[in-house]
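Trainee: Compute the structure for the input listed below.
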Amino acid sequence: MRVFLAVLLATLITACNLANAPAGTPVQAIATTPIAALPVSISFRQDATPDVPTAVPQEVIDAADAEYLLLTNIYERVSPSVVNIEVELESQLSLQVTETASGSGFVLDTDGHIITNAHVVNNAIAIRVTFNDGYVAEARTAGIDLFSDLAVLSIDVDPARLFPVTIADSDLVRVGERAIAIGNPFGLASSMTVGIVSGLGRQLPSAELIDNTVVGGFNNPSIIQVDTDVNPGNSGGPLLHSHGEVIGVTTPIPTESGVFQGVGFAVPSRTVQRVVPELIANGRVEYSWIGISTLAAEDGFGVASLAEPLELPVNAGVLVTSVTADSPASKAGLLGGTNIVDVRGEQVCAGGDIIVAVNGQFVDNMDELVSYLVVNTKPGDTVNLMVVRADGTFELPVLLEARPTEGGTIDFRECGE
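Mentor: This next block holds a predicted model:
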């Protein structure tokens, strides 16, 4: 540093002399001491080790781990309620050979009732339930409903072993909420996965058992879609929200590889609350039937998309394309379509009644109407439909009946019949 200052000082003196000298005055060199002859004293930092960061404050760690603390707490509270279900099935190849399958379930009450998927235990000849502590109990089927894909098992165990879940209201669920699944994927007991609710109001094809034969049935409405990892073995386990309460029952996933591909489904808890008590009481469930047909909104032919091309007076509701003969809708005077209209290259049966509300609750599409009937009504109930016909609106009472149990009894009418 001293060397640098000496050179700098000499440079400044020279510059000043040149500035103050009269014009024409010869420049006189300034004698300087060679740099090498100057006493040099240069020091360097001896502590060259970089600074080591201190640990993050505990409050920052606690804030970052808050979600994981929540999930840990939910797992510890709910996992004792979740069970592994193993079933023996008669082989499709030989009556002397049995096959095995597995799924999940959860404790409903201290009376020994366990909820699972119908497809997990359908046609089972033996059922074993394993709790998360390893305790094993034999179970029997109390009731199966293939339409909703729900079943109730019954076991005889000490009530002290049973830790019932809390059922939440799935009608309050919104897209984006946390969705937590606990189950036994691939036989790995008590596994937790976490995601979000990615869709609501989905429909899944269901099947019904008639004379021990599985046949195509009505669509199961109001299904919850999640991106939570659910895999074979998760079926029948609980889907939970952030309070650790059940909002649905996980059900089969759409997959071509046999493993989760980004989309999972769950039967909503409102359907559980409607179906399970009847399964426990009667072993089966009867659903209300109205007897109408409509075009699928998900295919782009709901009222919202047809309102402009058909010049409909409303933008939401259920456009009735046909009314089944001798059905509750037919008996009540509901009218189907009268003429075929080409819409975007597809033939649409137009001119029918439009149902816009049921018992004062507005419906945007057929799925919402079916969902209302499934959850809130039973055969023998009367519902009031708000119907738009031409330019008029009126209330139409309909006495609901039970769904037909044989497909051949349903007389599907063509447009205009």
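Trainee: Show me the longest strand that occurs in this protein.
Mentor: When every strand of the chain is counted residue by residue (DSSP state E), the longest turns out to be strand 191-210.
Trainee: list the helices and strands that strand packs on?
Mentor: In terms of contacts (3 or more Cβ pairs under 8 Å, 6 or more residues apart in numbering; DSSP states H and E), strand 191-210 is packed against helix 66-78, strand 178-183, strand 213-226, strand 264-268, helix 366-376. C-beta coordinates here come from the backbone N, C-alpha and C atoms, glycine included.
Trainee: before we move on, what SS does residue 364 have?
Mentor: Taking DSSP: H, G, I helix; E, B strand; the rest coil as the rule, one finds residue 364 in the coil state.
Trainee: who touches the residue nearest to it when sequence neighbours are not counted in this structure?
Mentor: Residue nearest to residue 364 in three dimensions, not counting chain neighbours: residue 316, with 4.4 Å by Cβ to Cβ, 6 or more residues apart in numbering. Taking Cβ atoms under 8 Å, 6 or more residues apart in numbering as the contact definition, residue 316 lies against 303, 304, 356, 362, 363, 364, 365.
Trainee: isn't the first one right next to residue 362, touching?
Mentor: No - using Cβ atoms under 8 Å, residue 303 is not in contact with residue 362, being 11.8 Å away.
Trainee: In terms of neighbours, single out the busier of these two.
Mentor: The neighbour comparison of residue 303 against residue 362 (other Cβ atoms under 10 Å) goes to residue 303, with 25 against 11.
Trainee: Confirm residue 270 sits in a strand?
Mentor: No - residue state for residue 270 (three-state DSSP) corresponds to helix; a strand is not indicated.
Trainee: pLDDT wise, what is it at?
Mentor: What the model reports as pLDDT for residue 270 is 94.
Trainee: in the helix or strand encompassing residue 142, what's buried?
Mentor: Under DSSP states H and E, the secondary-structure element containing residue 142 is strand 136-145. Residues of strand 136-145 classed as buried by neighbour count (16 or more other Cβ atoms under 10 Å): 137, 139, 141, 142, 143, 144, 145.
Trainee: Now do the same contact list for the last one.
Mentor: By that I understand residue 145. For residue 145, the contact set (Cβ under 8 Å, 6+ apart) comprises 118, 151, 275, 279, 284, 285.
Trainee: Test my guess that the first one contacts residue 150.
Mentor: Which is residue 118. Yes - with contact taken as Cβ under 8 Å, residue 118 and residue 150 are classed as touching, separated by 5.8 Å.
Trainee: Below-threshold pLDDT in the stretch 151-300 of the chain: ranges please.
Mentor: When the per-residue scores of the stretch 151-300 of the chain are filtered using pLDDT under 70, the ranges that remain are 206-218, 252-261.
Trainee: one more time with 80, if that's ok
Mentor: Counting by pLDDT under 80, the stretch 151-300 of the chain has low-confidence residues at 186-189, 205-219, 252-262, 297-300.
Trainee: ok, now the stretch 1-150 of the chain?
Mentor: 1-51, 90-98.
Trainee: all strands for it, in order.
Mentor: Taking DSSP state E, counting those that start in this stretch, the strands of the stretch 1-150 of the chain run over residues 82-90, 98-107, 113-116, 124-130, 136-145, 150-155.
Trainee: now those strands as JSON lines including distance to residue 203?
Mentor: Putting these into JSON lines (distance: least, Cβ to Cβ, whole Å) gives the following:
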{"stretch": "strand 82-90", "distance to residue 203": "26"}
{"stretch": "strand 98-107", "distance to residue 203": "22"}
{"stretch": "strand 113-116", "distance to residue 203": "21"}
{"stretch": "strand 124-130", "distance to residue 203": "27"}
{"stretch": "strand 136-145", "distance to residue 203": "16"}
{"stretch": "strand 150-155", "distance to residue 203": "16"}
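Trainee: most packed of the ones you listed?
Mentor: A comparison of the strands of the stretch 1-150 of the chain by mean neighbour count, using mean count of other Cβ atoms under 10 Å, puts strand 113-116 on top with a mean of 26.
Trainee: and that strand, which strands flank it?
Mentor: With DSSP bridges as the test, strand 113-116 is paired with strand 98-107 (antiparallel), strand 150-155 (antiparallel).
Trainee: nearest to residue 54, of those strands?
Mentor: Nearest to residue 54 among the strands paired with strand 113-116 is strand 98-107 (45.5 Å), distances taken as Cβ to Cβ.
Trainee: Can you name the residues in contact with the closest one?
Mentor: By Cβ under 8 Å, 6+ apart, the residues outside strand 98-107 that reach it are 81-92, 113-117, 120-121, 125, 129, 153, 162-165, 182-184, 187, 233-238, 246, 250.
Trainee: at 7 Å instead, please
Mentor: 81-91, 114-117, 120, 125, 153, 162-165, 183-184, 187, 233-238 (Cβ atoms under 7 Å, 6 or more residues apart in numbering).
Trainee: same thing with stretch 329-337?
Mentor: Outside of stretch 329-337, the residues within contact range by Cβ under 7 Å, 6+ apart are 290-292, 320-324, 349-353, 389, 396-398, 413, 415-416.
Trainee: cutoff 8 Å now
Mentor: Surrounding stretch 329-337, the residues in contact under the criterion Cβ under 8 Å, 6+ apart are 290-293, 319-324, 348-353, 355, 385, 387, 389, 396-399, 413, 415-417.
Trainee: Could you give the backbone dihedrals for residue 343?
Mentor: Here is the backbone geometry of residue 343 (degrees, to the nearest 10): phi -130, psi 120.
Trainee: Can you name the residues that contact the nearest residue to it once chain neighbours are set aside?
Mentor: Setting aside the residues directly before and after it, residue 343 is nearest to residue 309 in space (Cβ to Cβ, 6+ apart), at 4.9 Å. Contacts here follow Cβ under 8 Å, 6+ apart; on that basis residue 309 touches 341, 343, 344.
Trainee: Distance to residue 53, pLDDT and neighbour count added to these, as a markdown table?
Mentor: Output for the contacts of residue 309, formatted as a markdown table (distance: Cβ to Cβ, whole Å; pLDDT from 0 to 100; neighbours: other Cβ atoms under 10 Å):
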| residue | distance to residue 53 | pLDDT | neighbour count |
| --- | --- | --- | --- |
| 341 | 71 | 86 | 15 |
| 343 | 66 | 86 | 17 |
| 344 | 63 | 86 | 10 |
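Trainee: Now distance to residue 51 too, for those residues, in TSV please.
Mentor: Output for the contacts of residue 309, formatted as TSV (distance: Cβ to Cβ, whole Å):
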residue	distance to residue 51
341	77
343	71
344	68
